[in-house]
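In: Give the three-dimensional model of this entry:
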Amino acid sequence: MRNEGPQGPVGTAGSRAGARILVTEDEGIIAKDLEMRLKRRGYNVPAVVASGEEAVIMAEKEMPDLVLMDIVLQGEIDGIEAAALIRQRFDIPIIYITAYADDGIINRAKITEPYGYIIKPFEDRELHTAIEMALYKHAMEKKVRESEEWLSTILRSIGDGVIAADTNGCVTFMNAVAEKLTGWTLEETKGSHIADIFRIISEQSPEPCKDLMKRIIGGRAVMNLSDDSILVAKDGAQRAILDSGAPIKDKNGNVLGVVFVFHDVTEQKKMDMALRESEKKLRMYSMELEEGNTALKVLLRQRENDRQELEENILANVKQLIFPYLDKLKRNKAMSEELTYLNILEKNLEEIVSPFSSKLSSAYYGFTPREIMIANLIKDGKQDKDIMELLNISFETVKSHRQNIRKKLGLYSKRINLRSHLMLLDKK
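Out: Here you go, the predicted model:
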């Protein structure tokens, strides 16, 4: 296991106590001297090797915190090649210790990104300073990389789309959701302006909003896009989104770029629209039901009025069609007349209470009570003389009533038998 020396406590000599340093030096005396110097400063030296090949092997085996690497070494590969392999495979910081400082060697060494370059001969303090700076720098870089990895993982894992750009508008980051919604991959966006990738229009205006970055950077604050924002993807597909943009600032408040966070609300808007339609239909059905209830109430009131009117009409007809004959019975003592009145009374009662009789509402509609009495007597075969005696009225009165009945039945001036017509009406 690799020792966590760079993050451990500082020793009494000012060094990071316990830091493990691999020494790669082909000069035996120099190598021994380096080992002693390091141990005096409180460092651990797990191994001292003389070739590039051995350096790579021991780096993998011991996983030191730092490697002091001579450039000119024994073996097939020199110190620069060995350093490149160690950095690439194990991420171990390298400090070159060499007697060579020509530009060619320095340029080759720079490619391996060393944490220090010490020219022989050197002082203990110079070596100690270079080691401490390298360990600290490497530890800080590791923390930064871990933070960046955490942040990148989080941004790639969240359910919203995230896209960022620098102050020039060039896209610097997109997570998987943003790639899916825009139709662009991060690789494809290299060198592209964010306005060409993150194309926003509104439902009212089909023109893309290209000044989003300027507005966010100018306002230096979070800005929410309108609720009718539409994202136009690479293939032209349009999606309703909810979105917010914010400036990216450093610890001093300087704007480094912008970031947009957005998510697809197309289905949500469809559901909202369907819900509004359902509510609209429900209100319409409710109004129709209310109107129907109102009409039903009116109808019920009308039925109640009709019932009351029918009861009143029945009562009136009973009084007109029955009571007069009862009075006649009381005044007339002859048995024959008494039977006649009783028959008339029975007939009229049957017609009043019979559910099949329509004379009160249809056949005799518009007749006066006296005309109804005379029409019933005519239908029963009574002559004008009989009617005169039964109703105690004159011949002219009977004749006048007959003419009115014919007029109301549409028979006036027609040669149609009145009794036959009245009997036919009862059969309808």
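In: Name the single longest helix found in the protein.
Out: The longest helix of the chain (DSSP state H) is helix 266-321.
In: What secondary structure category should be reported for Ile97?
Out: strand (DSSP: H, G, I helix; E, B strand; the rest coil).
In: which residues does it contact?
Out: 25, 34, 68-70, 118, 120, 122 (C-beta atoms under 8 Å, 6 or more residues apart in numbering). C-beta coordinates here come from the backbone N, C-alpha and C atoms, glycine included.
In: Pull out the buried residues from the residues you listed.
Out: 25, 34, 68-70, 118 (16 or more other C-beta atoms under 10 Å).
In: These in helices, which ones?
Out: Leu34.
In: before we move on, the earlier item: the longest helix of the chain packs against which elements?
Out: strand 238-249, helix 335-353, helix 369-379 (3 or more C-beta pairs under 8 Å, 6 or more residues apart in numbering; DSSP states H and E).
In: can you list the weak-confidence ranges in the stretch 301-428 of the chain?
Out: In the predicted model of the stretch 301-428 of the chain, residues 308, 311-312, 314-347, 349-365, 426-428 satisfy pLDDT under 70.
In: that older thread, I'd like a version of the contacts of Ile97 in JSON lines, one that adds pLDDT and distance to Ile217 as further columns.
Out: Formatted as JSON lines, those follow (pLDDT from 0 to 100; distance: C-beta to C-beta, whole Å):
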{"residue": "Glu25", "pLDDT": "92", "distance to Ile217": "54"}
{"residue": "Leu34", "pLDDT": "92", "distance to Ile217": "53"}
{"residue": "Leu68", "pLDDT": "95", "distance to Ile217": "47"}
{"residue": "Met69", "pLDDT": "93", "distance to Ile217": "46"}
{"residue": "Asp70", "pLDDT": "92", "distance to Ile217": "51"}
{"residue": "Ile118", "pLDDT": "91", "distance to Ile217": "45"}
{"residue": "Lys120", "pLDDT": "87", "distance to Ile217": "52"}
{"residue": "Phe122", "pLDDT": "88", "distance to Ile217": "49"}
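In: out of those, what pair is the most spread apart?
Out: Met69 and Phe122 (14.2 Å; C-beta to C-beta).
In: quick one on the thing from earlier: now, among the buried ones among the contacts of Ile97, which is nearest to Thr112?
Out: Closest approach to Thr112 among the buried ones among the contacts of Ile97 (C-beta to C-beta): Met69, at 9.1 Å.
In: Next one, pLDDT for the spatially most central residue of the chain please.
Out: Among the residues of the chain, Gln268 comes closest to the average C-alpha position under C-alpha atoms, centre = their mean, at 2.3 Å. Gln268 is assigned 82 on the pLDDT scale.
In: and the gap between it and Arg41?
Out: Noted for Gln268: a distance of 64 Å to Arg41, by C-beta to C-beta, to the nearest Å.
In: One more: Asp102?
Out: 30 Å.
In: Give the residue from the two that has the larger number of neighbours.
Out: Between Asp102 and Arg41, counted using other C-beta atoms under 10 Å, the more crowded position is Arg41 (21 against 7).
In: thought the more buried one was touching Ala130?
Out: No - counting by C-beta atoms under 8 Å, Arg41 stays clear of Ala130, with 11.7 Å between them.
In: could you show me where the strands are in the protein, in order?
Out: 21-24, 48-49, 66-69, 94-98, 116-119, 161-166, 171-174, 199-202, 223-224, 229-232, 238-249, 255-264 (DSSP state E).
In: and of the contacts of Ile97, the nearest to Lys385?
Out: Proximity of those to Lys385 (C-beta to C-beta) peaks at Met69, which lies at 153.6 Å.
In: contacting residues around the closest one?
Out: 24, 55, 79, 82-83, 94-97, 114.
In: residue contacts, the spatially closest residue to Val72 that is not a sequence neighbour?
Out: With C-beta to C-beta, 6 or more residues apart in numbering as the criterion, Val72 has its nearest non-adjacent residue at 6.3 Å, and that residue is Asp78. Residues near Asp78 by C-beta under 8 Å, 6+ apart: 52, 71-72.
In: So which of the residues you listed wins on neighbours?
Out: Highest neighbour count within those: Gly52, with 27 neighbours (other C-beta under 10 Å).
In: what residues are up against the closest residue to that one other than its chain neighbours?
Out: Distance criterion C-beta to C-beta, 6+ apart; nearest residue to Gly52, sequence neighbours excluded, is Ala82 at 3.4 Å. The contact partners of Ala82, by C-beta under 8 Å, 6+ apart, come to 24, 52-53, 55-56, 69, 73.
In: Then Val72?
Out: Contacts of Val72 (C-beta under 8 Å, 6+ apart): 26, 78-79, 98-100.
In: go on, Phe367?
Out: Applying C-beta under 8 Å, 6+ apart to Phe367 gives the contacts 375, 405, 408.
In: how far away is it from Ser394?
Out: In terms of C-beta to C-beta, Phe367 sits 20 Å off from Ser394.
In: and if you look at Val23?
Out: For Val23 relative to Ser394 (C-beta to C-beta), the value is 156 Å.
In: out of the two, which sits in the more crowded spot?
Out: Counting neighbours by other C-beta under 10 Å for Val23 and for Ser394 shows that Val23 has the greater number, 27 against 10.
In: so that one touches Asn44, yeah?
Out: No - Val23 lies out of contact with Asn44 (C-beta under 8 Å); the separation is 11.1 Å.
In: Can you give me every residue that contacts Thr182?
Out: 161, 163, 174, 197-198, 231, 233-234.
In: what separates stretch 373-393 from the chain centre, distance-wise?
Out: Taking C-alpha atoms, centre = their mean, to the nearest Å, the mean C-alpha location of stretch 373-393 is offset from the chain mean by 85 Å.
In: Run a quick neighbour tally on Asp91.
Out: Counted with other C-beta under 10 Å, Asp91 comes out at 12.
In: Leu377 now?
Out: Neighbours of Leu377 using other C-beta under 10 Å come to 20.
In: Would you mind confirming that it makes contact with Leu390?
Out: Yes - using C-beta under 8 Å, Leu377 makes contact with Leu390 at a distance of 6.6 Å.
In: circling back to that earlier point, which one is the residue nearest to the centre of the chain nearest to, not counting chain neighbours?
Out: Closest to Gln268 by C-beta to C-beta, 6+ apart is Ala240, at 7.9 Å.
In: Ile378 too?
Out: By the measure of C-beta to C-beta, 6+ apart, the closest residue to Ile378 outside its immediate chain neighbours is Arg419, 5.3 Å from it.
In: and the one you found, how many neighbours?
Out: Counted by other C-beta under 10 Å, the residues lying close to Arg419 total 14.
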